[in-house]
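# Here is my input, please return the structure:
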Amino acid sequence: GLSARGMAIDTALPSGEEFPRFTEFWIQQPKPGDKHLVIFALLDSPRATGAYRLTLRPGSDTVVDVKARMFLRDKVAKLGIAPLTSMYLFGANQPSKVLNYRRELHDSSGLSIHAGNGEWIWRPLNNPKHLAVSNFSIENPRGFGLLQRGRDFSHYEDLDDRYDKRPSAWIEPKGDWGKGSVDLVEIPTADETNDNIVAFWSPEKLPEPGQPLDVAYRMHWTIDEAALHAPDSAWVQQTLRSTGDVKQSNLIRQPDGSVAYLVDFEGPSLLALPADTEVRSQVSVGENAELVENSVRYNPETKGWRLTLRMKIKDPGKSTEMRAALVKNIVTADLAKTVPASNSSVAKADKVAARQQEKMDKEAKEAKETKDAKQAEAKQAEAKPVANSKDQDNKDAKQPAAADAAPATPESAPTEEVLTETWSYQLPADE
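Okay, the predicted model is just below:
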């Protein structure tokens, strides 16, 4: 399966990659009853070094807590934090060019990213004909990993290597990592013995040589990929590629020169919807493609929805970017009970509620102050002219009205709910 590394330097750059390696390990003797193991490690390479503390907790899901202090000895062009290395030869989104009884052959099927703004992104992997590098700019990522989605044995049919049992790896940053990008490197390979996939965090600002860089994160090794997501979300289960065609009046499917992608979304947020819910898609394609079909239909087999896209590629020698997610309209009656799909919508709802509560508290305070003022005036009525008392009453009576006349401008309620993560795929050049 896939593997984790301590550091990546200048990956996929023309200058060549430098591979830091762990040169020494120290294992701390566990106490009786301990269910974890502490390992200290020294990382070394010509231009970098680092000290690592690894706390290993084995189980059905194995967790490794990593604390590292890294130093650069010299300038580097790109530094990779928490790098993961995997293999992708072919799969449902990029079928084998030669006849093979295995429908899929890979250690990981895609890159998953949980961005700092709450968005989830799924990037199916490719085995491109040319080196491909994708950069996802993010501030303070919540997590990323290379996952093996779809564990039915029928997808792989391999009794020897059992790709259906290969684990997924998820990186959960501890603390704020600041600005940077999650980088995906896809390298052409002719066979399954070469690891051709690399994913890592690339910080926007690199430390100066000799200055420390402290990093902490948790690695999850799991075969329960759904558990990584929130219970109110949905994700891409599979991406299928096909020759685009149109069904004729005689029911014969006629190829029309397009390429088709069928994307199956499933998860709790879709499972909770009636089958007749009006689910629609938000789709964008790059300038290198013309979208000729964009349809969504309920999938009774998965209790989710299937998105079908057909597009005509203008220049096959160029790569083509695509993005899609499923949404539904929010009706007014459902606004109060709708679960927001992202942290941004949660923040908006919190702001509206806070403003409403602030307004109610203000009105209650003003009413109390008015009542107290009137009681004080009643006690001192004999010492004050009647006209002054009336003027004060009129002034107090107008204050709440003035507050009501200039309320805080409420934020407009959302009109649609995002139901799924974002499917982000690149059709490689010359495919």
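# Number of residues surrounding S258?
Residues near S258, counting by other C-beta atoms under 10 Å, number 20. For glycine as for every other residue, the C-beta is placed from the backbone atoms N, C-alpha and C.
# Contact partners for it?
Neighbour list for S258: G244, D245, V292, E293, R310, M311, K312 [criterion: C-beta atoms under 8 Å, 6 or more residues apart in numbering].
# again, only using 7 Å
G244, V292, R310, M311, K312 (C-beta atoms under 7 Å, 6 or more residues apart in numbering).
# what helix or strand is the last one on?
It refers to K312. Using DSSP states H and E, K312 sits in strand 304-313.
# And the lowest mean pLDDT element among the helices and strands of the protein?
helix 386-405 (a mean of 38; mean pLDDT, DSSP states H and E).
# next structured bit after that one?
Scanning onward from helix 386-405 (DSSP H and E), the first element met is strand 416-418.
# Quick check: can you name the pairing partners of the next helix or strand after that following strand and their directions?
Where DSSP H and E defines the elements, the next helix or strand beyond strand 416-418 is strand 422-427. Note on strand 422-427: by DSSP bridges, its sheet partners are strand 120-124 (parallel), strand 320-329 (antiparallel).
# how about those strands, which one is nearest I252?
strand 320-329 (27.9 Å; C-beta to C-beta).
# What mean pLDDT does the closest one get?
Mean per-residue pLDDT for strand 320-329: 96.
# which outside residues touch that strand?
Residues contacting strand 320-329 (C-beta under 7 Å, 6+ apart): 263, 265, 277-286, 288-289, 296, 305, 307, 309, 313, 415-427.
# how about the CA coordinates for it, as PDB?
The C-alpha coordinates for strand 320-329 follow below in PDB (Å, rounded to 0.1, in the frame of the first residue of the first chain):
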ATOM      1  CA  THR A 320      -9.000  19.700 -19.100                       C
ATOM      2  CA  GLU A 321     -10.100  20.800 -15.600                       C
ATOM      3  CA  MET A 322     -13.600  20.000 -14.300                       C
ATOM      4  CA  ARG A 323     -15.400  20.700 -11.000                       C
ATOM      5  CA  ALA A 324     -18.900  19.700  -9.800                       C
ATOM      6  CA  ALA A 325     -21.000  19.500  -6.700                       C
ATOM      7  CA  LEU A 326     -24.600  18.700  -5.900                       C
ATOM      8  CA  VAL A 327     -27.000  21.300  -4.400                       C
ATOM      9  CA  LYS A 328     -30.700  21.700  -3.700                       C
ATOM     10  CA  ASN A 329     -32.900  24.800  -3.200                       C
END
